[in-house]
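Asker: Could you work out the structure for the sequence below:
(one chain, ligands or ions: 2)
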Amino acid sequence: MSSSSADRGPVASTTTPDDVPVVTTALVVAVDGPSGSGKSSVSRAAARALGVAFLDTGAMYRAVTWAALRDGVDLDDRTAVAAHVRATALVVGTDPAAPTVAVAAADGTETDLTEAVRTDEVTASVSAVASVPAVRQDLVLRQRALIDSACAAPLPGRRAGVVAEGRDITTVVAPDADVRILLTADEGVRLARRARQDLGTADEAAVEATRRAVVERDRVDSRTTAFTTAADGVVTVDSTHLDFDGTVAAVLEVVTRAAGGGA
Ligand SMILES: Nc1ncnc2c1ncn2[C@@H]1O[C@H](COP(=O)(O)OP(=O)(O)OP(=O)(O)O)[C@@H](O)[C@H]1O
Ligand SMILES: Nc1ccn([C@H]2C[C@H](O)[C@@H](COP(=O)(O)O)O2)c(=O)n1
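Answerer: Ligands and ions are numbered 1, 2, ... in the order given. Alright, predicted model coming up:
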């Protein structure tokens, strides 16, 4: 793959009074983890703190799923799904202040899906699409291109680099990333966080209603991607007993250590 740390040269860092690492060359941080572990929100906050791009790869799987549902593709027909995904043009915005995902029509018209990809309908179908090997090959290539682009041509006012998160970033998309993190949290904690986010409460009924969206989806997704145990060289950050800010700080600390050559 082209987005290796060797291609981008060494990463140097110093530490600010806020303990936010200052990166002086391109930095790729890969984050994986199960549903509700905080990958998206924590990675996004870390990207903002580092001044680099943010890539939500789950949003890409969700967007191609949205398009397949819109066009009535039979999700049991893996050949049809792969062909449809191949023909779907995605436009991914990697500014951590406002990450976006859209599909573009042949005439260039874009349909913004940033909110639409979060619906229950898409969530219920995305694992079927993400389990198709040809779909994965396709999206992995697009994700690597986005990572390369964030390193080569950073957004105005930003540093070269990206925090990319998903299920196979540390192992498949960017195994040569400068920093590789598995973000975990106990199942009960993840369920409660997701229930609070989706239903506004973490009482027993809300947690139970959330179980399928979190536990069942992970069970299906783990047939195609390995995101529950850290691969060699991947640092585990367990947020079970950390609040949000504490988890972001823990991730930034791993970046500081790795960028200093100690991870
Ligand atoms: N350490 C933490 N303490 C408390 N809340 C947290 C923590 N980390 C994340 N959260 C909250 O948990 C919820 C789920 O986080 P997030 O959506 O980032 O998870 P995710 O791993 O990306 O999930 P999915 O893969 O299902 O999209 C959010 O409301 C987020 O603000
Ligand atoms: N690198 C990735 C990212 C995501 N997926 C799949 C698995 C999830 O069910 C789905 C949506 O991800 P989320 O937005 O919940 O993080 O996409 C994957 O297979 N590989």
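
Asker: so who does residue 40 touch?
Answerer: Listed by C-beta atoms under 8 Å, 6 or more residues apart in numbering, the contact set of residue 40 reads 56, 58, 165. (C-beta placed from N, C-alpha, C; glycine too.)

Asker: Looking at the residues you listed, state which has the most neighbours.
Answerer: Each of these was scored by neighbour count (other C-beta atoms under 10 Å); the top score is that of residue 165, with 30 neighbours.

Asker: For my notes, confirm that one occurs in a strand.
Answerer: Yes: if the criterion is DSSP: H, G, I helix; E, B strand; the rest coil, then residue 165 is within a strand.

Asker: Please tell me the pLDDT value assigned to it.
Answerer: According to the prediction, residue 165 has pLDDT 98.

Asker: Specify the beta-bridge partners of it.
Answerer: Beta-bridge pairing of residue 165 under DSSP bridges involves residue 31, residue 56.

Asker: if I look at residue 133, how far off is ligand 2?
Answerer: Relative to ligand 2, residue 133 is positioned 11 Å away (C-beta to the nearest ligand atom, to the nearest Å).

Asker: For that residue, give its distance to residue 34.
Answerer: In this structure, residue 133 and residue 34 are 21 Å apart, going by C-beta to C-beta, to the nearest Å.

Asker: Neighbour count: the two, which is higher?
Answerer: Comparing residue 133 with residue 34 by neighbour count (other C-beta under 10 Å), the higher total belongs to residue 34, at 22 against 10.

Asker: Just list the residues touching that one, thanks.
Answerer: Residues near residue 34 by C-beta under 8 Å, 6+ apart: 184, 190, 214, 218, 227-228.

Asker: One more pass at 7 Å, please.
Answerer: Listed by C-beta atoms under 7 Å, 6 or more residues apart in numbering, the contact set of residue 34 reads 184, 190, 218, 227-228.
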